[in-house]
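[1] Using only what follows, build the 3D model:
(chains A and B)
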Amino acid sequence: AQSVTQLDSQVPVFEEAPVELRCNYSSSVSVYLFWYVQYPNQGLQLLLKYLSGSTLVKGINGFEAEFNKSQTSFHLRKPSVHISDTAEYFCAVSGGDDKIIFGKGTRLHILP
Amino acid sequence: DGGITQSPKYLFRKEGQNVTLSCEQNLNHDAMYWYRQDPGQGLRLIYYSQIVNDFQKGDIAEGYSVSREKKESFPLTVTSAQKNPTAFYLCASSSSASGRPYNEQFFGPGTRLTVL
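    The predicted structure follows:
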């Protein structure tokens, strides 16, 4: 069975500062990992995904994530955040069937 | 443009009434999903369907029902048996996992249901 843990429910960060949103997973099979973003009162939008190959994955809006198999982590990073990045971010894992397991989400608050 | 539509965006219902949430996709996806979102709890799977005329219960199916008569449509009915139906409901779709090792889901804009 797969599971996802997002270690922080809320992360405040000053505008133009770097940010890291943490995600750990567990799985007994090969994993495919995703980060989604949800703006207020909207659906989820895919930021990036790790399927195989390079462990550093680049996504939209300047975000990137690094897959670390030994630490079972898939942390999301951005070198400089903007007020428009205020949203909730979800880490998710797929084990190769038709379902995705989502974490509980991390709210990113951008401080002026 | 291809995508997923959900209607209505906001829905109000009185206690004891059934209500149906619409979800339509024109992405030619085989699989469709319904999630419930509550603050601080992430997304919880209600029902999913991998093919027309077939669907499976997710983690919190009690008090909900679905149908999949057409590939494009996957309506969700919230019945009076659902004890706490006020929530944000999200519909998603994906290409079938058959023949590929992973599943990337695409989401609709959501329906916010409030029980008065």
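[2] Bridged to the residue nearest to residue A:31 when sequence neighbours are not counted, which residues?
    Computed as CB to CB, 6 or more residues apart in numbering or on different chains, the closest residue to residue A:31 that is not its neighbour in sequence is residue A:93, at 5.4 Å. To be clear about C-beta, it is placed using only N, CA and C from the backbone, and glycine gets the same treatment. For residue A:93, the beta-bridge partners are residue A:33, residue A:101 (DSSP bridges).
[3] Report how many residues lie close to residue A:93.
    Look at residue A:93: counted by other CB atoms under 10 Å in any protein chain shown, it has 24 neighbours.
[4] ok, now which ones touch it?
    Residue A:93 is in contact with A:2, A:3, A:4, A:25, A:27, A:31, A:32, A:33, A:34, A:100, A:101, counting by CB atoms under 8 Å, 6 or more residues apart in numbering or on different chains.
[5] Pull out the buried residues from those residues.
    A:2, A:4, A:25, A:27, A:31, A:32, A:33, A:34, A:100, A:101 (16 or more other CB atoms under 10 Å in any protein chain shown).
[6] Please report phi then psi for the fifth one.
    Yep, that's residue A:31 we're talking about. When quoted as degrees, to the nearest 10, the phi and psi of residue A:31 stand at phi -120, psi 150.
[7] Now do stretch B:105-116: everything it contacts.
    A:36, A:41-46, A:100, B:3-15, B:19, B:21, B:23, B:25, B:27, B:29, B:33, B:37, B:78, B:85-94.
[8] rerun at 6 Å
    Contact with stretch B:105-116 is made by A:42-44, A:100, B:4, B:6, B:10-15, B:21, B:85-86, B:88-94, as judged by CB atoms under 6 Å, 6 or more residues apart in numbering or on different chains.
[9] Poorly predicted segments of chain B, please.
    For chain B, the stretches flagged by pLDDT under 70 are B:1, B:96-103.
[10] and if we set it to 80?
    B:1-2, B:96-103 (pLDDT under 80).
[11] And for chain A?
    In chain A, residues with pLDDT under 80: A:1, A:27-30, A:95-99.
[12] Near chain B, which residues of it are found?
    Residues of chain A found near chain B (CB under 6 Å from any CB of the partner chain) are A:32, A:42-44, A:51, A:94, A:96-98, A:100, A:102-105.
[13] Cross-reference those residues with the helices and report the matches.
    Nothing among the residues of chain A next to chain B maps onto helices, per DSSP state H.
[14] List the ones among the residues you listed that fall in strands.
    Within these, residues falling in strands by DSSP state E are A:32, A:44, A:94, A:100, A:102.
[15] Same list, those residues, but as JSON lines with distance to residue B:46 please.
    Below are these laid out as JSON lines (distance: CB to CB, whole Å):
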{"residue": "A:32", "distance to residue B:46": "23"}
{"residue": "A:44", "distance to residue B:46": "15"}
{"residue": "A:94", "distance to residue B:46": "18"}
{"residue": "A:100", "distance to residue B:46": "14"}
{"residue": "A:102", "distance to residue B:46": "13"}
